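>>> Just to be clear, the model below is a prediction. Sequence and coordinates:
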Amino acid sequence: MSTLVIDKAGPTRKLGSMSRDRAWALRWSYFFLVLFAIFFLTPPLYMIITSLKSSAEISAATNPWWVFHPTLSNYVELLTSNQFLRFFWNSAIISIVVVIVTMLISIPAAFALARMKFWGSATLATGVFLTYLIPDSLLFIPLFKMLAVIQDLTGITLLNRWYVLVFIYPTLTVPFCTWIMIGYFASIPKELDEAAIIDGASWLQTLLRIFIPVALPGLIAATIFAFTVSWAQFLYPLVFTTSVDQLVLPVGITTTLIKGDVFNWGQIMTGALLGAAPPLIIYAFLMDYYIAGLTAGATKG
Amino acid sequence: MADVVIEQGGVARTARPRKARSLRNMLGRKSTVAFFLTLPLILLIGLLVLYPAFYSLYLATLNKAMTKFVGLGNFTFLFKRETFWMVVKQSCIFAITAVIFKALIGFIVAHFVHNIPGKKQRKWRGMLLVPWVIPPAMSTLAWLWLFDPSYSAFNYTLSFFGVGPIPWLGETFWARFSVILVNVWYGAPFFLIMYLAALKSVPDQLYEAASIDGANWWQKMWYVTLPMMRNIIAITTLFSLIVTFANFDIVRILTSGGPLDTTHLFATWAFQVGIQSSDIPLGACVSLFMVPILAVAAIFILRDVNKRGNEA
Amino acid sequence: MSRKTLTRRQFVAATAMSSTALIAAPYVRGAYAAGKLSIGFWDHWVPGANDASTALVKEWADKEKVEVSIDYITSNNKKIELTAAAEAQAKSGHDILQMPSWWPHAYSENLEPLNDVMEPLIKQNGEVNGTVKYLGQLDGKWLAVPATPGSQIKGPCSRIDLMKKHAGIDVQEMYPAGSPPKDDNWTLETFLKAAEACQKAGVPFGIGLGETTDSVDTAGAIFQSFGAELVNAKGDVTVKTDAVRQALEFYKKLIAVLPADAPSWDDASNNKWLISGRGAMIMNPPSAWAVAKRDAPQVAEQCWTHGFPSGPKGRFAPFLPYFWGVWSFGKNKEAAKSLLVHLSSPAAIEKFVVASGGYDLPAYANMTKFKTWAEEGPPKGTLFHYPDPYHRQTLSIAASPAPPKIAQQIYFQATLTKMALRFAQGEKMDTALAWAEGECEGFMRT
C-alpha cells in the first residue's frame, strides 16, 4: 500500500530540451485529465444540480445545468420521510452486520489458510477465490427458490425479510476479503508468530495479539470493501424483499421514488445522492486504505 | 502434511512440558484448530454458493410449474428462441466492448496521473475514482435522467451545436452505446487504480537504462512498461470481464432490456423470465449459460493464482 | 415490519399532525379482540389518497372490532407483482392483497372464491364491464373484487390549443363537458392525420412503444379496433390474419410520426412529454394532467381528457383495473370479505374517487357520473369524459380475449408493441408475424 503514496521523483534529465518536453507532457497530461475528470464527474454534479431544483423548475425545462431557484425542499422532504429513513436504517443495519459477519468469517479463515498449512489448504484457498467468479446473477434464482422451500418446511418467514440479506451478502464479501487478508497475513514474517508459539501463546492468541494488529491496514481495507459492496448491492434485495419497510436504499429509491406517473426527479436525485453519501464519506477519509484493498491482490502478485 | 503437524506440536510440547495433556493437545493440534477456523467459511460457501449453483442445475430441468422433470427440455426450448441468441450476442458485445474501453481509458488516464507531480496525484486520483465509489444503482439513475427523452441535459447541450435530439435509449445502436458508456464510466476508475499501482511498481532504473540505450517513448512503453504490467493487465481484464458479463443494475435501470430486447444481458433476461414471468426453471437455465464463459475465466485465473501461490 | 399499535386518539392526532409522514408507513389501529386482518393496498400516487383508504378501513374496523394493519405497496418496478409472487410461494402474507389486472388469474389456485361478495355487489352497483369479468372470473368463480383505487382508463389527453391550431380539431367541442360526445368523425384515420399534422408542427403525439403498460395498453386498444387478436379466446394462435396485418400497417404509419425514442418510453415518459409541453397528445389517465396542474399550470389549463378514436371494428379504450384478492391460505377470510363489501359500497367508492381527484374509476356501470369528474379543473370539465359516462367505448385490455394466462405473457412481454416496432423498422410483414407467432407459441409453455 505504501508504494502508492510514495512520491516518485521523475527520472533526472540532463538536457534542456528534455525538460521542455517534460513541461509539455505535463501540460498535455493536465489537459486530458481535466477532460476525463469532466467525463467522470458530470453525473454526480448533475445529481447535485437537480437535487436543488423544485419540481416546477424541472418541469419548466429551463437550462438543466443551472439552478435558478435553489431549494433544499427535496432534502427536507426525504430526511423527514419515515419511509426514506427506514431504507437508510435498513441499509445501515444490514451493511454493519454484514461487515461484522464477514470479518468474523474471513479473518480466522485467512489466518488458517495463510499460516497453518493443513490438508487441502491450498485447494481451499483457490476455491475461495474461485467462488468470487460465481456472480450474484447466477445465484439469485436458485437462492430465491431455496428460501421459499426452507420457509415452507420450517415456517420461518424468509422471503420479504431484510434479515435474510445479512446471510446472503457475505457470499459476495467473504471471498474477496479472505483473499485480501491471506495476502496481508502472508506478508507478516514467520519469525514473529513462531516466536509467539514458542513463548507459549495459543493459535488464537497469536491471531489476536500479533496478526490482527500488524495487518490492521489490510483489515481496514477489507472492512471498507465489505461495507461498500453490501451498501451497493441491488439484485439480491430487489429479488428477496418487496414490502416498503423491508427495502434497502438502492432498491427503495428506484422502486418508491420513481413513481410511474409522478414527476419527482428532484427527489430521486436527492435520494440517490444521499444514498451515495456514506460510501463517499468513508472513501473521502480512508481513500488510501480503500485503494490499497482494491489493489492488494495485484500488487502482491 | 502430517509430519509437519507432529513436529510443530513437538515444539510446543517441549516448550511447555507441564501443560501437555491429551484433550488440550487435541484442541491445540494445528489441523483441528485450522479446521475450526475455516469451518464458517466452508459452510458459507458450501451452503450459499455451491449448493445453489448445483440446485440451479436441478431447477433447470423442471417444467414451468415445477411439477415434473423435463430433462433438457428447457434448453432445447431456449435454443429455439430468437431472443435467447440475441441475449448471447448482446452479452458478448456488451462485455467485450465495455472491457476494452475500460482498459484503454484506465491505461491512458493512469499514465496521465502518473505523469503529474506526486503531491497533486492524490487529489486527481481521488476525483477520478468517484464513479467507482457511488453505488451503481444510484449513479445509473443520474444517467437515466441525463438520457431522459423529454428532459435530456445532453440533448439540451447538443441542441446548441445543431445536433440531435439523440434517442439515447430509444434506438438499438444508441441504447447499446448508452449502457456501454455507463458501464465504462463506472468501471474505468477500477482499471485506473490497478494500472496506477502497477506503474508505480515498475523500477525507475529500468526506464533510465532504456533512456541510456536511446529508447524512445514507444519503445519504453513496449519493452519496459507493458511487460512489467502484463500480469496486472491480464488479471484486471479477466476480473472485469466476469463482472461486466454478469452485470445487472445498469441495464435493468436504464433500459430494462429494451428497445425490442436489444440491450438484454443474461442477468436481466434471467430476471425477467425467472422472477417477473414466474418461470423459475427457464430463468435458471438462462443464467446457467454464464457458466462456460466463467469457466474459461476461471482456468486463466487459476493459472495465475497458482503462480502467485508458488511465489508466496 | 415496523408495526406499532396506536390508540385511536393518538392516531387522530398523528394524522392531523402530518399526513405525509404516515402515507407509506404501515398503519395499525386499536387492539381489539375480534381477530386481526392484514391488508396490502396499492400505494396511491395522489397525495392523501392513501389516507382515504385508511379512513374507510378504520371506519369498518371500529364497527367490527377487528385489528387491522395496512401496508401500502408501490406498483413501481412490479413491486406488487413481486409481493404477490412471494406471498403465493410462501403461502403466507396479507389477508387482502390488491393486485393489478392479470394477477387474479395468475394466482387462481391460491385465491378464495368471492362469489358471495360479488353477486350482491353487482345487484347493488350495476353490471361490471367485460374486462373486469374477463380478468376477475374463472369458470364462473369470482377470483377477486374489482378495486376502485388504481383502476383507470388510458384514453387520450389532448392539448386543446395545439390540437386546434395544428390538426384543426376542437376537442372540447367534440367532447363537451356535461353532454354526450360528438365523436362520429373521431376515427383512427382522423387520429392519424392529426398525429401527422402535429408531428410536422413539432409537437408529436407522445405515445410510447416500450414494454410497460402505457405503451402496451395503447397498442392493445388500436389492435382491438381492427379486430386483431394474436391468440383467440380458444387459445389458438391467430397471428397471421388480415386484421393483424391491417393493424400493423396502421401502426407503421403512426410510428413514423412518433418521437424517435418512443421505443424506450416507460410509463412516466408520456407524462413528462405532456408536462414539458413537447407534445399535443398522450394516452394516459389524468395523472399527467394532475402533475402538470402542480408543476406546469399553463400546460394543465390546456389539457382535455376524452375518448379513444374508433376503428373498423369499434371504439375500444384501454382499461386497467385493479382487484382486491383474498388468499385462500389467509387466516381471517370472513373479516376480509366483510371489509371488501364495505369498500365497495357506493359511499366508499365515491370517497375513493374524490380522494384521488377523479383518477380512480369504479368498475360498476352506475358509477360514472360523480360530480368530481364534472368539477375538476382547470379547465373545468377536463375529466368529464374520462370515465366514459355515455358508455361509448368498449373498455378492454390488451391481448384479450386470449386465455388470461397466455394473454398475460403477451401483455408483459409487450409482444404487440415489439411486433409493431419490428415491422415499422423495416422488417418484412411476414418476418414480423412469424416472430410474433413464435413468441405466442412460447407463451403456451406450462
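All right, it came through fine.

>>> Tell me the pLDDT of the closest residue to C:Pro180 other than its chain neighbours.
Sequence neighbours aside, C:Tyr390 is the residue nearest to C:Pro180 in space, at 4.8 Å (criterion: C-beta to C-beta, 6 or more residues apart in numbering or on different chains). Heads up, the C-betas are built off the backbone N, CA and C, glycines and all. In the prediction, the pLDDT value recorded for C:Tyr390 is 88.

>>> ok, now A:Asp7?
Turning to A:Asp7, the model gives it a pLDDT of 40.

>>> Could you do A:Trp231 as well?
pLDDT recorded at A:Trp231 is 92.

>>> and if you look at C:Glu376?
Confidence at C:Glu376, expressed as pLDDT, is 83.

>>> cool, A:Gly16 as well?
pLDDT recorded at A:Gly16 is 52.

>>> Just say helix, strand or coil for the nearest residue to C:Lys418 once chain neighbours are set aside.
In space, C:Lys418 comes closest to B:Leu260 once its chain neighbours are excluded; the distance is 5.5 Å by C-beta to C-beta, 6+ apart. The local conformation at B:Leu260, judged by DSSP: H, G, I helix; E, B strand; the rest coil, is coil.

>>> contacting residues for the closest residue to A:Trp66 other than its chain neighbours?
For A:Trp66, ignoring the flanking residues on the chain, the nearest one in space by C-beta to C-beta, 6+ apart is A:Ile49 at 7.4 Å. Contact partners of A:Ile49, counting by C-beta atoms under 8 Å, 6 or more residues apart in numbering or on different chains, are A:64-67.

>>> What is the burial count for B:Val88?
The local packing count at B:Val88 equals 17, with neighbours defined by other C-beta atoms under 10 Å in any protein chain shown.

>>> Skipping adjacent residues, who's closest to it in space?
For B:Val88, the closest residue by C-beta to C-beta, 6+ apart turns out to be B:Phe289, at 7.0 Å.

>>> pLDDT value on the one you found, please?
Reading off the model, B:Phe289 has pLDDT 86.

>>> Would you mind checking which of the contacts of A:Ile49 is nearest to C:Gly206?
Using C-beta to C-beta, the shortest approach to C:Gly206 within the contacts of A:Ile49 belongs to A:Pro64, at 19.4 Å.

>>> List phi and psi for that closest one.
phi -70, psi -20 (degrees, to the nearest 10).

>>> mind checking how far it is from B:Arg81?
To B:Arg81, A:Pro64 is 40 Å away according to C-beta to C-beta, to the nearest Å.

>>> More neighbours: those two, which one.
Under the criterion of other C-beta under 10 Å, the comparison of A:Pro64 against B:Arg81 puts A:Pro64 first, with 21 against 16.

>>> Quick one: neighbours of residue 86, just the number.
All of this refers to chain A. Burial of A:Arg86, expressed as a neighbour count using other C-beta under 10 Å, amounts to 21.

>>> my bad, chain C
25.

>>> Name the nearest residue to it, ignoring sequence neighbours.
For C:Ala86, the nearest residue in space outside its immediate sequence neighbours is A:Leu159; the separation is 4.5 Å by C-beta to C-beta, 6+ apart.
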